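>>> I would like to see how this sequence folds:
(2 chains)
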Amino acid sequence: MEDLIAMPLAIVASTLRVATPLILCAMGGLFSERGGIIDIGLEGKMLAAAFAAAAAAAVTDSAWLGLAAGILIAEALALLHGFACITQRGNQVVSGVAINLLMSGLTIVLGIAWFQRGGQTPALPQEARFMPIAWLGGHNLLVGAALLAVPATAWVIGATRFGLRLRAVGELPLAVDAAGISVAWLRYRALLLCGLLTGIAGTYLSIAQNAGFSRDMTAGQGYIALAALIVGKWRPVPALGACLGFGLLDAIAIRLQGVRLGGLGAVPVEVPVQAIQVLPYVLTVILLAGFIGRAVAPKAIGVPYDKVR
Amino acid sequence: MRARPLPAWVDVGLLPVVNLVLAFCVSGLIALAVGVDPRDAVRIMLEGAFGSAEAIGYTLYYATNFIFTGLAVALSFHAGLFNIGGEGQAALGGLGVGLVALACDRILPAPLLIPLAVAAAALFGAGWAAIPGWLQAYRGSHIVVTTIMFNFIAASLMVFLLVNVLIAPGSMSPESRAFAASARLPFLHELFAGLGVALAPSPLNLSAGLAALCCVAVWLLLFRTPWGVELRTMGHNPSAALYAGIDTKRMTVIVLCLSGALAGCVGVNEILGVQHRLILDFAAGCGFGGIAVSLMGRNHPVGVVLASLLFGGLVQGGAELSFAMPSVTRDMVVVIQGLVILFSGALANLARPWLEAGFARLGRVAPDGAG
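Predicted coordinates:
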């Protein structure tokens, strides 16, 4: 009987834990994509931040310095993406793929060189991590940051001058340029915000949710955040809903592992975990195809702005 | 004022080399940062990749995978489409091979079974790519995002099938049973031994021949058929293609099918050629490697072959390097791949202004000297 009360509560709590990096990443991606820059590189930025945060926290024993290192490296990658996509007018998807691949290798190469643990960072003591806080309902500070990031993003995008211009630059950069506002500077600022949020997301993974960095610890969550962003139609609150939904699926998938659901006659039916894990991707495909509603991307997304034309 | 365009040989020949050199320089700096002397590393890798007949066999075997995925990306690039689903299509190609082999390896002889398995690889790869292609053409969803999602769906599908359905009875690891001898593509050293020529044993198998055929076929298709002209027209300017009466929607689906079929052939090399059983993750990043190969090879079949040889050498040399220096794992090769994609792809024009300025100066000097 106890399970009937305890299990839903546990699922809610673990949903929030799983959804936190998705929310942060999706909000980061939202800034970038509303400004017209495709960001496939969310995964790589988050992975790099997770590694940098764990490495810095392991060396300095300070969670805050870990956070600073995570944000710093994610910002550096965001600037690299900006240099490639905005200044060099390179292919945005290619740049993102490069960042993801580079970081999946580099985090291990550096991890082995610095810590000699096969790519893992040393297990962190409690004082070097963001630990659960009682007045946050047993969640850590970064979960709170993720929940704050949504209204903050909604406000910046929807109610500030910067947000208005950013949305314009994602739809029709020529108009923004004609108004005498720098397209490049707007987009660089959007990418810096994206770097900040993905940096916090990565930090959360390695020094709040876990006690250290391990190989490929993002495990596709950057792509799930991208999916949530699309399912949320590039708007903050719906994207939050999608992140929570995907988090819930994940929490349920963990609980359902090995559980047999009723049965068809004599044959017990077991829901394969993979079927649940794959749902975010399938939903994204279905939504993009316009079978349920329509997800329309910012019009100028993926197109480098060329002033000369 | 814009500098005058570069001579063709600089654009096609020099610029890719400059980009590659930049990528390798950064790789060298990273090697230095982790305490590895880049000169030692390069020497060990070169020796490991090309130093012996066996090493060359391994290099060519890895290169075969990159040729398939590189051609897949290059073909779609020419049509203005970016297929980053090579990883998933390769996995499905392997599934096709595995299903045919598991179903028929005790019934059919090799001469019947092998063509059937190759066809299944191409068909499964094509089918897996056709869905994103169709969705892009007829439902307007972005092909990049759908192919990414399909990579994950393919990975989950493979795990599900291998863990729950195709797993060998009594096996603890997610693998199918080993195929019978009729479902094995001959190794090249076996073939040549039959002809009386001794080759060093390596995983290099007949798939390399299939890869060579695919290169020629893609080149003919792209540059020697009217259909190839239509395809490239669509890549240059979709609205012009539409105006010229080309059915761009149909073209999109067909291109993705062909691209997926090429990527699916990785399954032939790995499953039919080497593993002889269906396993997980056999594509091991060669889908993304194909993007690097295609970008580096300027989307031309010849360039793809050259880049594949280099990447095959990198993978094989990297494996040898991690034997010689246990602190350097194969992840270093992933780093180099990432840097090549960055410099040959996203930053492809980084060096162009410098080269243009250099050639503009040369151009100014030459007429003066003549006059």
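>>> Check the burial of residue 107 by counting its neighbours.
No chain in the question, so chain A it is. If you count neighbours by other Cβ atoms under 10 Å in any protein chain shown, residue A:107 ends up with 30. Placement of C-beta: from N, CA and C, glycine included.
>>> Not quite, go with chain B.
When neighbours are counted by other Cβ under 10 Å, residue B:107 comes out with 10.
>>> State the distance from it to residue B:100.
With distances taken as Cβ to Cβ, to the nearest Å, residue B:107 is found 11 Å from residue B:100.
>>> next one: residue B:120
If you go by Cβ to Cβ, the gap between residue B:120 and residue B:100 works out to 4 Å.
>>> same check, this time on residue A:110
Taken as Cβ to Cβ, the span from residue A:110 to residue B:100 is 43 Å.
>>> Check residue B:299 too.
For residue B:299 relative to residue B:100 (Cβ to Cβ), the value is 31 Å.
>>> of the two, who's got more company?
With neighbours defined as other Cβ under 10 Å, residue B:299 and residue B:100 compare such that residue B:100 has more, 24 against 20.
>>> How about the backbone phi and psi for that one?
phi -60, psi -50 (degrees, to the nearest 10).
>>> residues in contact with it?
B:113, B:116-117, B:120, B:183 (Cβ atoms under 8 Å, 6 or more residues apart in numbering or on different chains).
>>> Going through the residues you listed, which ones are buried?
Buried members of these, scored by 16 or more other Cβ atoms under 10 Å in any protein chain shown, are B:113, B:116-117, B:120, B:183.
>>> which residue sits closest to residue A:38, ignoring its sequence neighbours?
residue A:92 (4.3 Å; Cβ to Cβ, 6 or more residues apart in numbering or on different chains).
>>> how near is the one you found to residue B:186?
The value you get for residue A:92 to residue B:186, if Cβ to Cβ is used, is 44 Å.
>>> next one: residue B:259
Distance from residue B:259 to residue B:186, by Cβ to Cβ: 28 Å.
>>> Tell me which of the two has more neighbours.
With neighbours defined as other Cβ under 10 Å, residue B:259 and residue B:186 compare such that residue B:259 has more, 33 against 15.
>>> and the next element down the chain from the helix or strand where that one lies?
Residue B:259 belongs to helix B:248-264 when elements are defined using DSSP states H and E. Note on helix B:248-264: by DSSP H and E, the next helix or strand toward the C-terminus is helix B:266-267.
>>> Mind checking the pLDDT average for that following helix?
The pLDDT scores in helix B:266-267 average 95.
>>> residues contacting residue A:81?
Contacts of residue A:81 by Cβ under 8 Å, 6+ apart are A:37, A:39, A:41, A:92, A:95-96, A:99, A:191.
>>> Which of the helices or strands spans residue A:248?
Here residue A:248, judged by DSSP H and E, is contained in helix A:236-256.
>>> helices or strands up against that helix?
helix A:2-34, helix A:141-159, helix A:221-231, helix A:273-277, helix A:279-288 (3 or more Cβ pairs under 8 Å, 6 or more residues apart in numbering or on different chains; DSSP states H and E).
>>> Lowest average confidence across these, which one?
helix A:273-277 (a mean of 82).
>>> Now that helix: buried residues?
Buried residues in helix A:273-277 (16+ other Cβ under 10 Å): A:273-274, A:276-277.
>>> chain center to that helix: distance?
Its chain's C-alpha centre and that of helix A:273-277 lie 20 Å apart, by Cα atoms, centre = their mean, to the nearest Å.
>>> what about residue A:127, how many residues close to it?
By other Cβ under 10 Å, neighbour count at residue A:127 equals 10.
>>> what's the answer for residue B:354, then?
Residue B:354 has 10 neighbours, counted by other Cβ under 10 Å.
>>> that's a strand at it, yeah?
No - counting by DSSP: H, G, I helix; E, B strand; the rest coil, residue B:354 falls outside a strand, being helix.
>>> Where does pLDDT dip in the chain?
Reading this off chain A. Applying pLDDT under 70 to chain A flags residues A:1-4, A:257-270, A:292-294, A:308-309.
>>> My question was about chain B, not that one.
Using pLDDT under 70, chain B drops low at B:1-4, B:364-371.
>>> what packs against the helix ranked longest in it?
Secondary structure of chain B per DSSP state H: the longest helix is helix B:110-139. Other elements packing on helix B:110-139 under the criterion 3+ Cβ pairs under 8 Å, 6+ apart are helix A:279-288, helix B:86-104, helix B:143-160, helix B:248-264, helix B:266-267.
>>> Please identify the deepest-packed of those helices.
Comparing the helices and strands packed on helix B:110-139 by mean neighbour count (mean count of other Cβ atoms under 10 Å in any protein chain shown), helix B:266-267 ranks first with a mean of 34.
>>> next SSE after it?
That would be, after helix B:266-267 and using DSSP H and E, helix B:286-296.
>>> Just want the angle from that following helix to helix B:248-264.
120 degrees (axes from the mean of the first three to the mean of the last three Cα atoms, to 10 degrees).
>>> what does the helix or strand where residue A:174 lies rub up against?
Counting by DSSP H and E, the element that carries residue A:174 is helix A:173-178. For helix A:173-178, the external contacting residues (Cβ under 8 Å, 6+ apart) are A:36, A:165, A:168-169, A:183, A:186, A:300, A:305, A:307.
>>> From these, list the buried ones, please.
Members of those classed as buried by 16+ other Cβ under 10 Å are A:36, A:165, A:168-169, A:183, A:186, A:300, A:305.
>>> Which ones among the residues you listed map onto helices?
Using DSSP H, the buried ones among the contacts of helix A:173-178 in helices are A:165, A:168-169, A:183, A:186.
>>> Take those residues and write them to TSV, including distance to chain B.
TSV is the format used below for those (distance: Cβ to the nearest Cβ, whole Å):
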residue	distance to chain B
A:165	25
A:168	21
A:169	19
A:183	19
A:186	20
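>>> which one of the residues you listed is nearest residue B:295?
residue A:183 (26.0 Å; Cβ to Cβ).
>>> Which residue, neighbours along the chain excluded, lies closest to residue B:333?
That would be residue B:318: by Cβ to Cβ, 6+ apart, it lies 3.8 Å from residue B:333.
>>> next one: residue B:260
With Cβ to Cβ, 6+ apart, the residue lying closest to residue B:260 is residue B:129, at 2.5 Å.
>>> farthest-separated two in the contacts of residue B:100?
Across the contacts of residue B:100, the longest distance by Cβ to Cβ is 11.2 Å; it joins B:120 and B:183.
>>> Around chain A, which positions in the stretch 1-150 of chain B sit nearby?
The stretch 1-150 of chain B comes close to chain A at residues B:2, B:30, B:33-35, B:82, B:84, B:135, B:139-142, B:144-146, B:148-150, as judged by Cβ under 8 Å from any Cβ of the partner chain.
>>> Mind doing that once more with 6 Å?
B:34, B:82, B:135, B:139, B:141, B:144, B:146, B:149 (Cβ under 6 Å from any Cβ of the partner chain).
>>> got these as JSON lines, with distance to residue A:77 columns?
Output for these, formatted as JSON lines (distance: Cβ to Cβ, whole Å):
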{"residue": "B:34", "distance to residue A:77": "19"}
{"residue": "B:82", "distance to residue A:77": "21"}
{"residue": "B:135", "distance to residue A:77": "30"}
{"residue": "B:139", "distance to residue A:77": "33"}
{"residue": "B:141", "distance to residue A:77": "27"}
{"residue": "B:144", "distance to residue A:77": "19"}
{"residue": "B:146", "distance to residue A:77": "25"}
{"residue": "B:149", "distance to residue A:77": "23"}
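>>> List just the nearest of those residues to residue A:148.
So of the residues of the stretch 1-150 of chain B next to chain A, ranked by how close each gets to residue A:148 (Cβ to Cβ), first place is residue B:149, at 29.3 Å.
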